[in-house]
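Visitor: show me the folded form of this:
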Amino acid sequence: MERPLIVITGPTASGKTRRAVELARAVDGEIISADSRQIYRGMDIGTGKDIEEYGDVPVHLIDICPAGYKYNLYEFLRDFHKAKTDIESRGRRVILCGGTGLYVESVLKGLKLPEVPENPDLRRSLEGKSLEELTDILSGMKTLHNVTDVDTAKRAIRAIEIQAYYAAHPEAARQAEPHPLTDAVVIGVDIDREARRRRITERLHARLASGMVDEVRRLLDSGIPAADLIYYGLEYKFLTLYLTGALSYDEMVSGLEIAIHQFAKRQMTWFRGMENRGFPIHWLPYDLPSADFTAEVVKLL
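Guide: You can find the predicted model right below:
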């Protein structure tokens, strides 16, 4: 019998990774990362990869793409299911850990997106249209639940291409319909606003002290265009702006700190939305002793 998926999620700086590692050791599990930036090689300090924290616990979907690449939801779901099948084939528990709400919720919805080929004729017809025009076209084809489809013209064109394919291939559209998981156990690491803000600030300064500026400089020196790093947001956006002379060091630090606080707030808004959309989250305090936290999760399995 298939055992329920375990999910450990929560806002940035809540200590999700440590909790997932402790749980994996207790239940003979392996971790699949649900972090949209830790998949990139060379983006280590800025994404808080903390590889050493995993120790002897296997982790999947970290360091699987070169920096500069734009990984998407279709690829994540494909890679998640492949890793999940592999872990379960060896009789081990699957723990999905990360704070990218879109990834976590898409897994819980049971989404399996079909591969959609490129449509050169459609792409040519959309060339030269503004992002606003493309967004209007897409919103006429589907309800826009998130902005990731329309953060660039290239992504908006791809989203239109996918919707056009679904319209012409109803069987693919049916495959893409959600089939929510009914037995997943979703744990949220609950951290109060003040503690979260304090930990974000402390972590930012620790990362700067441990060489985060040099990490971004190396990525730029390796030939990755500044625009591609800015696309990833947060640390990579602000440090690239600093290194290319658009911001002073102090402007970079203060702007980045504000942006990370705002990001954590958006994460919490997403998690509350998930609960409203029918995905209950069992919230456990971030400062609960390790043994107690793990015991509480095991009780829910």
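Visitor: lowest-confidence helix or strand of this structure?
Guide: helix 170-175 (a mean of 85; mean pLDDT, DSSP states H and E).
Visitor: now that helix, how far from the centre of its chain.
Guide: Distance of helix 170-175 from its chain centroid, counting by CA atoms, centre = their mean, to the nearest Å, is 26 Å.
Visitor: who's in contact with it?
Guide: The contact list for helix 170-175 (CB atoms under 8 Å, 6 or more residues apart in numbering) reads Lys112, Leu113, Pro114, Val116, Tyr165, Tyr166, Ala167. Any C-beta I mention is one placed from the backbone N, CA and C, and that applies to glycine too.
Visitor: give me the buried entries from the residues you listed.
Guide: Lys112, Leu113, Val116, Tyr165, Tyr166 (16 or more other CB atoms under 10 Å).
Visitor: could those go into CSV alongside pLDDT?
Guide: CSV is the format used below for the buried ones among the contacts of helix 170-175 (pLDDT from 0 to 100):
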residue, pLDDT
Lys112, 84
Leu113, 85
Val116, 90
Tyr165, 93
Tyr166, 91
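Visitor: which one of those is nearest Arg124?
Guide: Tyr165 (16.1 Å; CB to CB).
Visitor: quick one: the helices in the stretch 1-150 of the chain?
Guide: For the stretch 1-150 of the chain, the helices defined by DSSP state H, counting those that start in this stretch cover 16-27, 73-89, 101-108, 120-126, 131-139.
Visitor: centre of the chain versus the longest one, how much separation?
Guide: When you say that, I think you mean helix 73-89. On CA atoms, centre = their mean, the centre of helix 73-89 falls 15 Å from that of its chain.
Visitor: before we move on, what about stretch 279-286?
Guide: Offset of stretch 279-286 from its chain centre (CA atoms, centre = their mean): 18 Å.
Visitor: start and end of stretch 81-100, how far apart?
Guide: 17 Å (CA to CA, to the nearest Å).
Visitor: what does that stretch rub up against?
Guide: 2-3, 5-12, 14, 16-17, 19-20, 23-24, 27-36, 38, 60-61, 80, 104, 107, 112, 267.
Visitor: among those, name the buried ones.
Guide: Here, 16+ other CB under 10 Å leaves 5-12, 14, 16-17, 19-20, 23-24, 27, 29-36, 38, 60-61, 80, 104, 107, 112, 267 buried among these.
Visitor: show me the shaky parts of the chain.
Guide: 1, 145-151 (pLDDT under 70).
Visitor: try 90 this time
Guide: Residue ranges of the chain with pLDDT under 90: 1-3, 50, 70, 72-74, 111-115, 142-156, 158-159, 171-179, 182.
Visitor: about what we covered before: in the least confident helix or strand of the chain, what's buried?
Guide: Ala172.
Visitor: now that helix - C-alpha only, CSV.
Guide: C-alpha atoms of helix 170-175 as CSV (Å, rounded to 0.1, in the frame of the first residue of the first chain):
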residue,chain,number,x,y,z
PRO,A,170,-8.9,17.6,-24.9
GLU,A,171,-7.3,14.4,-23.7
ALA,A,172,-4.2,16.4,-22.7
ALA,A,173,-6.4,18.9,-20.9
ARG,A,174,-8.0,16.1,-19.0
GLN,A,175,-4.6,14.7,-18.0
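Visitor: in its sheet, what does the next helix or strand after it sit against?
Guide: The helix or strand immediately downstream of helix 170-175 is strand 185-190, counting by DSSP states H and E. Strand 185-190 has the following strand partners under DSSP bridges: strand 6-9 (parallel), strand 282-285 (parallel).
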